[in-house]
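*Asks:* With the input below, show me the fold.
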Amino acid sequence: MATLESTSTFASPTTFTVRAEPTCTTAVPDHFGHVPPDACNANYGFYPSWEYNLTVAIGFALTSAAHLIEAVIFKKSFCWVIIMGSLWECICFVLRTLGAHDQQNSEYVTFSTLLFLLAPLWINAFAYMVLARLTYYILPERRLLRIRAEYLSKIFVIADVLSFLIQAAGGAMLANQDDPAAALNGTHIYMVGIGVQLFFVLIFTFFAVSFVRRLSFLERIRGLQRNAKWVWPLVWTLLAVMVLIVIRIVFRLIEFSQGASSSNPFLQHEAFQFCLDAFPMLVALGLLNIVHPGIVLRGPDSSFPRGSWKWWKNRKDGKSRSLFIPLDSGSLLEVSPHRGGVDVGL
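*Replies:* Next up is the predicted model:
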């Protein structure tokens, strides 16, 4: 493959000329636009696979269509979040498929990289929203660790948005092929964003474990009355999704800790991105297709109220007070007037 060396000449006050060593070479692309990873005009650290990217794009397209259909069937408007995540993944791999046969097109690289880095945050946010709605729907007290379900959802979604903004800023700088310094800063910013995401995922896991313990206790003392057959499968599905998200986060942290240069082994093999990012997210989306939250969240109280003013009005009128009756075991029996249910507090 023919190459043209890129050199720079600097004028000197004396009579001799200093010639700088070339930092890279500009290579002649092959018929698909591929050049060696260390070439100045390289957009990829590997030879992208058209077939594999197309296969993954089809997989994400199918799960996107399934989530759209399920959102309509179960009438769950909040499912637009998971649909966005799956569509971003699908579009990402469509662009990667096109880029595999047009590797000198930097737009394909830039936009597919941004979508690839940010799409899992939609899936993460959806898991937060589902657990909060399960708390509101199933637990009589409608709270976890003293935090009301509505606020639980808002807190974690806001945290996810914060992580999204940081990662988006870093990803945009990272996708800049013409400025290595900006790309390095982008790597650091992106790692901060994904670190923030991991921090809140771990906190969320603590709440999820609390929910599991509470659910087990309620099932033991009185049984589950609302779509009991699918409650536990959905809970385990959410936990599996979070494990898959953590796998992806750890991979990205390790990958970017090696730098964004062509010498990074994780950037030299496309298989890492397929196996440790795309595949876990595809499995997570598929699991949420099989055990869709709409199977459990049905009927009254399956969604948050549209506004919070009614809650404050009821509080003022004294209608939302809970009655605590001491039991012989030392526990508290909570009668919640707004649910009409009986709950043993832990």
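
*Asks:* For burial, what's the neighbour tally of Arg146?
*Replies:* Arg146: 6 surrounding residues under other Cβ atoms under 10 Å. Where C-beta positions appear, they are placed from N, C-alpha and C, glycine not excepted.

*Asks:* For whichever helix or strand Val201 is part of, enumerate the helices and strands it packs against.
*Replies:* Under the criterion DSSP states H and E, the helix or strand holding Val201 is helix 180-222. Contacts defined by 3 or more Cβ pairs under 8 Å, 6 or more residues apart in numbering; DSSP states H and E place helix 180-222 against helix 106-138, strand 143-144, helix 149-174, helix 228-257, strand 341-345.

*Asks:* quick check: mean pLDDT across the fourth one?
*Replies:* Model confidence over helix 228-257 averages 93 on the pLDDT scale.

*Asks:* gap between Ala39 and Arg306?
*Replies:* Summarising the geometry, the distance separating Ala39 from Arg306, computed by Cβ to Cβ, to the nearest Å, is 56 Å.

*Asks:* okay, the two: which has more neighbours?
*Replies:* Remark: of Ala39 and Arg306, Ala39 carries more neighbours, 20 against 7, as counted by other Cβ under 10 Å.

*Asks:* Leaving aside the residues adjacent along the chain, what's closest to the more buried one?
*Replies:* Leaving out its chain neighbours, the residue that sits closest to Ala39 by Cβ to Cβ, 6 or more residues apart in numbering is Ala27, at 3.9 Å.

*Asks:* where does that neighbour fall, phi/psi-wise?
*Replies:* Ala27 adopts backbone torsions of phi -100, psi 160, taken as degrees, to the nearest 10.

*Asks:* Quick check, it in contact with Val35.
*Replies:* Yes: contact between Ala27 and Val35 holds when scored by Cβ atoms under 8 Å: they sit 3.9 Å apart.

*Asks:* and Thr26, that's in a strand?
*Replies:* Yes: assigned with DSSP: H, G, I helix; E, B strand; the rest coil, Thr26 falls within a strand.

*Asks:* Bridging across strands, which residues link to it?
*Replies:* The residues listed as beta-bridge partners of Thr26 by DSSP bridges are Leu4.

*Asks:* domains in the chain, as residue ranges please.
*Replies:* Domain assignment for the chain by automatic domain parsing gives 47-298, 317-345.

*Asks:* I'd like the ones you listed as a markdown table, with distance to His31 appended.
*Replies:* Written out in a markdown table, the entries for the domains of the chain read as follows (distance: least, Cβ to Cβ, whole Å):
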| stretch | distance to His31 |
| --- | --- |
| domain 47-298 | 9 |
| domain 317-345 | 67 |
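
*Asks:* can you tell me the helix or strand for the closest residue to Val94 other than its chain neighbours?
*Replies:* Taking Cβ to Cβ, 6+ apart as the measure, Val94 lies nearest to Ala57, with 4.9 Å between them; neighbours along the chain are not counted. In this assignment (DSSP H and E), Ala57 forms part of helix 50-74.

*Asks:* residues in contact with that helix?
*Replies:* The list of residues contacting helix 50-74 from outside it, by Cβ atoms under 8 Å, 6 or more residues apart in numbering, reads 76-77, 79-80, 82-83, 86-87, 89-90, 92-94, 96-97, 100-101, 270, 274, 278, 282, 285-286, 288-289, 292-295, 297-298.

*Asks:* low pLDDT regions in the protein?
*Replies:* Applying pLDDT under 70 to the chain flags residues 1-23, 175-178, 223-227, 260-262, 307-346.

*Asks:* contacting residues around stretch 150-168?
*Replies:* Contacts made with stretch 150-168 from outside it, assessed by Cβ under 8 Å, 6+ apart, are listed as 114, 117-118, 121, 124-125, 128-129, 131-133, 135-136, 143-144, 147, 189-190, 192-194, 196-197, 200, 204, 207, 304-305, 308.

*Asks:* what's the spacing between it and its chain's center?
*Replies:* Using Cα atoms, centre = their mean, to the nearest Å, we find the averaged C-alpha position of stretch 150-168 to lie 11 Å away from the chain's own average C-alpha position.

*Asks:* Going by neighbour count, list what's buried in that stretch.
*Replies:* By neighbour count with 16 or more other Cβ atoms under 10 Å, stretch 150-168 contains the buried residues 150, 152-157, 159-160, 163-164, 166-168.

*Asks:* So Gly294, which state does it fall into?
*Replies:* Gly294 carries the three-state label helix when classified by three-state DSSP.

*Asks:* Does it touch Phe78 like I think?
*Replies:* No: in this structure, Gly294 is not within contact of Phe78 by Cβ under 8 Å, at 10.0 Å.

*Asks:* sorry, back to before: mind checking which of the contacts of helix 50-74 are buried?
*Replies:* Members of those that pass the buried threshold by neighbour count (16+ other Cβ under 10 Å) are listed as 76, 79, 82-83, 86-87, 89-90, 92-94, 96-97, 100, 270, 274, 278, 282, 285, 288-289, 292-295, 297.

*Asks:* From those residues, which land in helices?
*Replies:* Counting by DSSP state H, these place 82-83, 86-87, 89-90, 92-94, 96-97, 100, 270, 282, 285, 288-289, 293-295 in helices.

*Asks:* returning to that earlier point: Ala27 and Val35: which has the busier surroundings?
*Replies:* Neighbours were counted for Ala27 and for Val35 using other Cβ under 10 Å; Val35 has more, 21 against 18.
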